[in-house]
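K.L.:
Structure for the following, please:
(one chain, ligands or ions: 1)
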Amino acid sequence: MSDFDSFKSSGYTMPRPFECAVESDGVRQLVFDLTKQYLIEHEDALPLTAKLQLPFKDVPPPQLWSDIMNGVNESSALQKLLISPAIVSRFRSLLDAELEMFPISFFRAQFPWMERSVYSWHQDMGTWYASRVPWLGRYRPVTLWFSLNGADQENSLDIAVNSDRNQLFSHSHVPDQGSFRAEIDFDPEEKFEVFVPKCDADEGMFFSDLCLHRTRRGPGLRPRYSVDIRYYDPKCLARPDVPISFRLKRMYQMLIGRSG
Ligand SMILES: O=C(O)CCC(=O)C(=O)O
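P.N.:
You can find the predicted model right below:
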């Protein structure tokens, strides 16, 4: 099935490779430079991707996570990856439209022992719908979850298949994360089939802004690095069903000019 057909029918696509190793190596090098002193012993000659798959010797200082997140998210290397032709052209064929980059496109370091890097069930739109930037909730960006060092069934994501039903659930605030918890009164694992992607470095999958998903917390001291890359069609407006309480929260946040 093509990406387009699978996205339309189930709200996500299978992981596939992207030809952007030059750009993603720029990001990998930055991550490696920041983490190398904390990794288990290794040969210098090891390929960069393999270096990023090494576990840490020990739990590194918590500041390391913030340093990587800030260092990479503010880097020109990440910007180059976000606009790499291989990535933009795949968004274009998926959306078949003029595209704009959505301003929320983040590098993520998943350290299994760090609660703040493990996200529970949420829809991406729920994380920005009630933010202080009202225009974000007007569009339907698609997320490309792009892997920098591979992910397997232990440490990737749970994707609730067919959970994109034009319904946005209320989302509540999670300390140190943001509006990342869907307020749902059902267990997505009981209601939906759950797809757990497995991918190599430089592979990625698309999913919709209303698709329920969560982090799978990996084992041990092995980090997982990914980038959420988002583009949207400015002609396609979001019209999901939203509970009145979440609509009111959005109005309130807009009035007081704070994010929720
Ligand atoms: O990479 C992850 O574990 C989850 C990221 C995610 O769901 C998000 O940023 O919306």
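
K.L.:
Now do the contacts for Val72.
P.N.:
Val27, Leu30, Val31, Leu78, Phe107, Ala109 (CB atoms under 8 Å, 6 or more residues apart in numbering). (C-beta placed from N, C-alpha, C; glycine too.)

K.L.:
Can you lay out those as TSV showing pLDDT, secondary structure and neighbour count?
P.N.:
Supplementary listing: the contacts of Val72 in TSV, determined by pLDDT from 0 to 100; DSSP: H, G, I helix; E, B strand; the rest coil; neighbours: other CB atoms under 10 Å:
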residue	pLDDT	secondary structure	neighbour count
Val27	98	helix	23
Leu30	98	helix	18
Val31	98	helix	23
Leu78	98	helix	21
Phe107	98	strand	26
Ala109	97	strand	21
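
K.L.:
From what I see, Lys51 and Asp33 are in contact.
P.N.:
No: look at Lys51 against Asp33 with CB atoms under 8 Å: they stay out of range, at 10.4 Å.

K.L.:
more neighbours, the two?
P.N.:
Lys51 (19 against 11; other CB atoms under 10 Å).

K.L.:
is it true that the more buried one lies in a helix?
P.N.:
Yes: under DSSP: H, G, I helix; E, B strand; the rest coil, Lys51 falls within a helix.

K.L.:
what's the nearest residue to it if we skip its chain neighbours?
P.N.:
Closest residue to Lys51 apart from its sequence neighbours, by CB to CB, 6 or more residues apart in numbering: Phe32 at 5.3 Å.

K.L.:
Quickly note the distance from the one you found to His42.
P.N.:
10 Å (CB to CB, to the nearest Å).

K.L.:
residues shared between the contacts of these two?
P.N.:
Lys51.

K.L.:
Settle it for me: which of those two has more neighbours?
P.N.:
Phe32 (18 against 11).

K.L.:
if I've got this straight, the more buried one is in a helix?
P.N.:
Yes: checked against three-state DSSP, Phe32 lies within a helix.

K.L.:
Noted, bye for now.
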